[in-house]
Structures are given as C-alpha cells and as structure tokens.
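> here is a sequence with its predicted model. Questions after.
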Amino acid sequence: SFEFPLLRYLTGRVQAAAPQATIVSSAIDRRTLDRDLSTGKLDVCVDVPRRVSADIRFHRLLGVDMCIAVSQTVCNPAAELSTDDWLALDHVVVSGRSRGPSVEDTWLHQAGLSRRVALRCQHYHTACQVVAESRMALVLPRFYADHFRSLLPLTIIEPPVQIPTLELNLYWHSYYDGDPGSTWFRELILDVNQLEK
C-alpha cells in the first residue's frame, strides 16, 4: 500500500488549495477497476503496472526501492544477512489480497528462489510490529522502513538478492482528461515523484 506516504504528501497540499475537498482512500477491486474509474466511483487509482482498457489512461508515478526489515535480535544493524539465512526465516507479506503470490514472491520465483510466508496482513504498520517482536522477515518499501526504524527495534538491510524497484502508476478514465478539478488533482498526485529524489 502506498497510502501512507501519498496521503502524508497530499493532505496538507489539498487542504491548502481546496479546504472543502475530501480525500477518500479505499481498497480497490482490480476486477472492476476500469468500470469504477469510468463511472466516477473512483477518481484515480494508484497501483502497480497492469493491463487496462483503451479508455483508461495511466502515467508512471514513481519507482519504490525495496529493502528488508528484521528484528534487531535477528540481525544487528552492522551485520549482513546471507540469502540462505534470509530465506530460512519465516516471512511476512503485506497485501490487500487474501491469497496469491505477492510481488516479492513473483520476483523470487523468477530467480529460482522461494520462501515460507507465515503471515499475510494488510498493513506495513502491523507487519513491522510483528517483525520487531519475532524472528520473521519483511520486504518493504524504503520509505516505510525509514519511518518505522525510528519507532521499533528493527534492523533495515539491503536485500541479499536483487529485488526490482516497485513501479507505481496513476490511473484515471479518459472521460476526465479535460476536467479541471480532475486534472489539478492528478497533477498534484504526480508531483509525489519528488519522493524519489
């Protein structure tokens, strides 16, 4: 979920420019996403790259570097974790879906590697709390790691195997291309790419 950094970035800017506006962040159903965007149920969507109909527009939002969090009892901040040691740990996955391979598992499978997922939850805050109090590992976006390392006894390490950057796109329906409010909001969201710098 990109909700945490995006809403931290957007909320003050929206309140300053449009004090009466309301931002609603909600889970999406990828099966109905095209329809939800076309009917206006959703104004925009931030998601990983995916196939969409010809009426759905998208723009690359940003690439997110990934890292690994483990408890400081598993690995001290100055140490490194080997690939075998990392994969031998139980793992936490953050996903809005109740089943199916995670993005990380897809990458690992392509590299000929696998891991045991012991917990699947919906939020990085929950995952980081669990990892800090256990002998489990979590792959997470660096901006979450930077935030939670100051709050919890976590060691943040570079992945022992190359994990691709997680790409995120902004999606909207072409019907709203010329709508001034929609255009303003999309441009505001697209400015979040400053977080990459």
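Thanks, I have the structure now.
> just the strands from the protein, written as ranges.
45-47, 56-64, 66-71, 90-94, 116-121, 136-141, 154-157, 166-173 (DSSP state E).
> okay, the angle between the fifth one and strand 136-141?
Between the axis of strand 116-121 and that of strand 136-141 there is an angle of 60 degrees, by axes from the mean of the first three to the mean of the last three Cα atoms, to 10 degrees.
> list the strands paired with strand 116-121, with their directions.
strand 90-94 (parallel) (DSSP bridges).
> centre of the chain to the strand it pairs with, how far?
Distance, stretch centre to chain centre, for strand 90-94: 14 Å (Cα atoms, centre = their mean, to the nearest Å).
> out of the strands of the chain, which one sits most buried?
For the strands of the chain, average neighbour numbers computed from mean count of other Cβ atoms under 10 Å are highest in strand 136-141, which has a mean of 24. All C-beta atoms are positioned from the backbone trio N, CA, C, and that covers glycine.
> quick check: mean pLDDT of that strand?
Mean pLDDT, strand 136-141: 95.
> low-confidence ranges, this structure, go.
Scanning the chain for pLDDT under 70 picks out 1, 76-79, 194-197.
> what are the bridge partners for the residue nearest to E104 when sequence neighbours are not counted, then?
Residue nearest to E104 in three dimensions, not counting chain neighbours: V139, with 4.6 Å by Cβ to Cβ, 6 or more residues apart in numbering. When bridges are called by DSSP bridges, V139 pairs up with I68.
> and V139, what is it in contact with?
Residues near V139 by Cβ atoms under 8 Å, 6 or more residues apart in numbering: 66-68, 91, 104, 159, 163.
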